[in-house]
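> build me a model:
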Amino acid sequence: MTGALKVARDAKAPEPERVAAIRRLGRASYEFVSQDLLVLLKPGQSEALRLAVVRTLTQIADPASVSPLLERWSDFSPAVRQAVLHACTTRQVLAAEFVGQLKDGALPLEEVDTATRKRFEFLSDRKLAERAAALFRRQPLMNARARFAQYRGVLELKGHAERGRQIFRERSCFNCHRLGGEGVFVGADLFTVKDLPRYELLRNILSPNLFFMPNFQVFVAEDEDGELVEGLLAGSNSVTVTLRRALGDETILHRKSVRRLKGINVSLMPEGLLQGLSNQQVADLLEFIQSSKGDESIGLAVRDGL
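Okay, the predicted model is just below:
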């Protein structure tokens, strides 16, 4: 473990090696690795390193990790925020601490999206699920009509595709989507939706859970230890179940170890991807999607190690 920690801290080491080293630390104790891993969540670190840290903390599953993750919330990109929410709700020991932190106001309830709230409904700990449900009743989610009203002005603006391409990168859209032959095929190939009316494309990004194809529905599996694994149902037979997540990451579960498997009627695409963007930036993003050509090289090659 000491060797992995050394590589993880080494800013001169190749990023894929650092990511792999961080993931190996999932077998260590929180006390042993927390100081070094939390440093890698600071602004200026790459998204790949931050995601690896969050996933490793999920694996370690020490309740002490929840508070520092939420304290850094404002510094995180949408992709890292989703990873934090996933971490805090798929391991029951973390979920209990997360609900306590929410009750104490560590994170605004409106930041907790539909998929995360539904994940609580799936927990086998019914008392914990009920505590979460009571908490979320205090703060209903913003409805789709209100979301769209916030960005209605986008439809009147002319977008700039090159600036939109940068936003596409920064918001980690390539982690799940293909466009112009680039990116990762997890969600829909965006070339197939580029000709939608602009208002419809905007609506689908703002409220991905309103309209999505059945093959992009999230499934949640509970294993024999009561932990949750989620993703798109990429494969299922009498022996195994395969769930696929962002970046094409897959978990293969043996049927005998799966207590429950259920679709939760939400899209893998998270809500809040446009949060923090100006109307002009959103217009740029839409222009990039709609102006891309099928044979165009758009410079979104998946980075090494992702």
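
> hey, let's count contacts and neighbours off CA atoms from now on
Will do.

> show me the helices in this structure, by range?
According to DSSP state H, the chain carries its helices in the segments 2-9, 15-24, 30-39, 47-60, 66-71, 78-90, 92-103, 114-122, 126-136, 144-150, 161-170, 198-206, 279-291.

> which stretch in those is the model least sure about?
Among the helices of the chain, helix 144-150 carries the lowest mean pLDDT, at a mean of 86.

> mind listing what's buried in that helix?
Buried residues in helix 144-150, defined by neighbour count with 16 or more other CA atoms under 10 Å: Phe148.

> ok now that helix, how far from the chain's centre?
22 Å (CA atoms, centre = their mean, to the nearest Å).

> need phi/psi at Val193.
Backbone torsions of Val193, given as degrees, to the nearest 10, read phi -120, psi 0.

> the residue nearest to it when sequence neighbours are not counted: what's it in contact with?
Using CA to CA, 6 or more residues apart in numbering and skipping the chain neighbours, the partner closest in space to Val193 is Leu201 (7.7 Å). By CA atoms under 8 Å, 6 or more residues apart in numbering, the contact set of Leu201 is Val193, Lys194, Leu286.

> what about the strands in the stretch 201-306 of the chain?
217-223, 228-236, 240-244, 250-254, 258-267 (DSSP state E, counting those that start in this stretch).

> any chance of the ones you listed in CSV, with mean neighbour count and distance to Gly3 too?
As requested, the strands of the stretch 201-306 of the chain are exported to CSV (neighbours: other CA atoms under 10 Å; distance: least, CA to CA, whole Å):
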stretch, mean neighbour count, distance to Gly3
strand 217-223, 21, 32
strand 228-236, 20, 29
strand 240-244, 19, 30
strand 250-254, 16, 27
strand 258-267, 17, 35
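
> contact partners for His160?
Ala283, Asp284, Leu285, Glu287, Phe288.

> right, I mislabeled it, should have said Ser257
Asp223, Glu224.

> measure it to Glu222 for me?
Separation of Ser257 from Glu222 (CA to CA, to the nearest Å): 8 Å.

> again, but for Arg81
Going from Arg81 to Glu222 by CA to CA gives 23 Å.

> with Gln35 instead?
Applying CA to CA to Gln35 and Glu222 gives a distance of 31 Å.

> cool, and Lys256?
Separation of Lys256 from Glu222 (CA to CA): 11 Å.

> coming back round to it: for the helices of the chain, give me JSON lines that also has distance to Phe185.
Compiled in JSON lines, the helices of the chain are given as follows (distance: least, CA to CA, whole Å):
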{"stretch": "helix 2-9", "distance to Phe185": "29"}
{"stretch": "helix 15-24", "distance to Phe185": "21"}
{"stretch": "helix 30-39", "distance to Phe185": "30"}
{"stretch": "helix 47-60", "distance to Phe185": "18"}
{"stretch": "helix 66-71", "distance to Phe185": "29"}
{"stretch": "helix 78-90", "distance to Phe185": "16"}
{"stretch": "helix 92-103", "distance to Phe185": "30"}
{"stretch": "helix 114-122", "distance to Phe185": "21"}
{"stretch": "helix 126-136", "distance to Phe185": "33"}
{"stretch": "helix 144-150", "distance to Phe185": "27"}
{"stretch": "helix 161-170", "distance to Phe185": "15"}
{"stretch": "helix 198-206", "distance to Phe185": "17"}
{"stretch": "helix 279-291", "distance to Phe185": "16"}
